[in-house]
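> Quick one, structure for this:
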Amino acid sequence: MSRAFVKENDLEHAGIDIPERPLSVEPNYVTPRGLKLLHQNIDDLEKEREALNEKKDDPMVRQKVAVIERDMRYFAARIESAILTNPQEEDPSHVLFGAKVTAEDEEGDLLTFEIVGEDEANIHEDRVSYLSPLAEALLGAAVGDDVVWEKPMGDSYLTIQKISY
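Here you go, the predicted model:
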């Protein structure tokens, strides 16, 4: 049969098959704040999906709803795999997951970072993933320790000044 006799418009369904967001194979450590953010993401997406339900006949809206539902599945999977930590129970003598670390760089500038899970990481808020090169350099260090932060443009040397949880 010729394609000319098929009623279905292929363009009508274009873009509906949204690929799933990849899930990390690393342990999903989260702080209490990180777990709350995961739940908040689902709540926000649910509200967005409900607002679009009135226009679900529009192909563009169907595509947007498909993206929202894909993202909801991602966050639900991240919540299911979450390993909740309680940073406030940690010993502040060493840098561990959930620590806020203040370090001095070679120029004498003080930098403060919080070591968090992958989904909570946001460099604009000075939150770095525990899998990042910076966190890997800091983890296990104590106040006064010098660490090497391996960066693509050359290594930086940091001295740990303060650790808090």
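> which helices and strands sit right next to the strand ranked longest in the chain?
For the chain, the longest strand by residue count, based on DSSP state E, is strand 156-164. Where contact means 3 or more C-beta pairs under 8 Å, 6 or more residues apart in numbering; DSSP states H and E, strand 156-164 is packed against strand 100-104, helix 133-138, strand 146-149. The way it works is simple: take the backbone N, C-alpha and C, and place the C-beta from them, glycine included.
> Sheet partners, orientation included, of it?
Strands that pair with strand 156-164, judged by DSSP bridges, come out as strand 100-104 (antiparallel), strand 146-149 (antiparallel).
> buried stuff in the shortest one?
By neighbour count, with 16 or more other C-beta atoms under 10 Å as the criterion, the buried positions of strand 146-149 are 147, 149.
> The helices and strands packed on strand 156-164 into a markdown table, with extra columns for distance to residue 82?
Formatted as a markdown table, the helices and strands packed on strand 156-164 follow (distance: least, C-beta to C-beta, whole Å):
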| stretch | distance to residue 82 |
| --- | --- |
| strand 100-104 | 21 |
| helix 133-138 | 18 |
| strand 146-149 | 28 |
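> closest one to residue 24 among those?
helix 133-138 (14.5 Å; C-beta to C-beta).
> pLDDT averaged over the closest one - what is it?
Helix 133-138 comes out with an average pLDDT of 97.
> Now that helix - C-alpha only, PDB.
Extracted as PDB, the C-alpha positions of helix 133-138 are listed here (Å, rounded to 0.1, in the frame of the first residue of the first chain):
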ATOM      1  CA  PRO A 133      37.500  16.800  41.400                       C
ATOM      2  CA  LEU A 134      37.300  19.500  44.000                       C
ATOM      3  CA  ALA A 135      35.300  17.300  46.400                       C
ATOM      4  CA  GLU A 136      37.600  14.400  45.800                       C
ATOM      5  CA  ALA A 137      40.500  16.600  46.800                       C
ATOM      6  CA  LEU A 138      38.800  17.800  49.900                       C
END
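> What are the contacting residues of that helix?
Here helix 133-138 makes contact (C-beta atoms under 8 Å, 6 or more residues apart in numbering) with 95, 99, 101, 103, 113, 115, 128-129, 147-151, 158, 160.
> ok so, going back, okay, the strands paired with strand 156-164 in a markdown table with distance to residue 22 and mean pLDDT next?
A markdown table is the format used below for the strands paired with strand 156-164 (distance: least, C-beta to C-beta, whole Å; pLDDT from 0 to 100):
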| stretch | distance to residue 22 | mean pLDDT |
| --- | --- | --- |
| strand 100-104 | 29 | 97 |
| strand 146-149 | 27 | 97 |
